[in-house]
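> build the 3D model from these lines:
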Amino acid sequence: MLAADPGASIASIATEAGVDRRTVYRRFASRDDLLAAIYASRLAAIERAIEDARLREAPVAVALHRYVENIIAVNRTWPVDLTRMLADDAVRARRDASSREVDAFLQRATDEGLLRSGLPEGWAAALLPQLMHLVSRQMPQLSPAQAADVVVDTLLNGLGPSQRAHGIR
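Residues are numbered from 1 along each chain as shown. Down below sits the predicted model:
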């Protein structure tokens, strides 16, 4: 509900969940506490997704697909935007640590030749989350694995005709 309407009231959230508003307030003293718990859960899911992808040790192509598949699942499970919580130093620090981990992985992918070198700095790091966000929201009919196939193929090959069709690999 909060993804569709960030201003959704506790009463409407409780109704949608099939519980009384007082039940929500027993667990969360305020709307801000509820939002903080949601954001903390999303951050923890992102951290688990990064860890599960094994960005430092798995083969780059395998790690990329696992990371994308995992993050698409997180985006669909926790479809809320973290930008509202970035004013909180602890939340921002956790998000920044995750971003640094992914940035280091993307540099590894470039160093190992999976991603093209010579692109503007930060381009892959800016493009990848946008592709994952787009497929998470616009292609709900695809499983996370299928959606990851689309994202990884688009990231690595663009939207032009298949490079294999041109004899390019």
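> from here on, just use CA atoms for contacts and neighbour counts.
Will do.
> quick one, what contacts residue 135?
Residue 135 sits next to 72, 147, 151 when contact means C-alpha atoms under 8 Å, 6 or more residues apart in numbering.
> which of the residues you listed fall in helices?
Using DSSP state H, 72, 147, 151 are the members of those that sit in helices.
> dump the residues you listed to TSV, plus pLDDT.
Putting the ones in helices among the contacts of residue 135 into TSV (pLDDT from 0 to 100) gives the following:
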residue	pLDDT
72	97
147	97
151	97
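> tabulate the residues you listed (CSV), appending neighbour count and distance to residue 87.
Shown next, in CSV, are the ones in helices among the contacts of residue 135 (neighbours: other C-alpha atoms under 10 Å; distance: C-alpha to C-alpha, whole Å):
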residue, neighbour count, distance to residue 87
72, 29, 25
147, 24, 31
151, 25, 30
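> just those now: which is nearest residue 20?
Ranked by distance to residue 20 (C-alpha to C-alpha), the ones in helices among the contacts of residue 135 are led by residue 72 at 31.5 Å.
> list the contacts of that closest one.
Each residue near residue 72 by C-alpha under 8 Å, 6+ apart is listed here: 132-133, 135-136, 144, 147-148.
> and what of residue 151?
By C-alpha under 8 Å, 6+ apart, the contact set of residue 151 is 68, 128, 131-132, 135.
> wait, residue 64 touches residue 52, no?
No: using C-alpha atoms under 8 Å, residue 64 makes no contact with residue 52, being 11.1 Å away.
> once you drop chain neighbours, what's closest to residue 132?
Setting aside the residues directly before and after it, residue 132 is nearest to residue 72 in space (C-alpha to C-alpha, 6 or more residues apart in numbering), at 6.0 Å.
> tell me which residue is most central in the chain.
Nearest to the mean C-alpha position of the chain, counting by C-alpha atoms, centre = their mean, stands residue 71 at 3.9 Å.
> so how far is residue 157 from it?
Plainly put, residue 71 is 20 Å away from residue 157 if you go by C-alpha to C-alpha, to the nearest Å.
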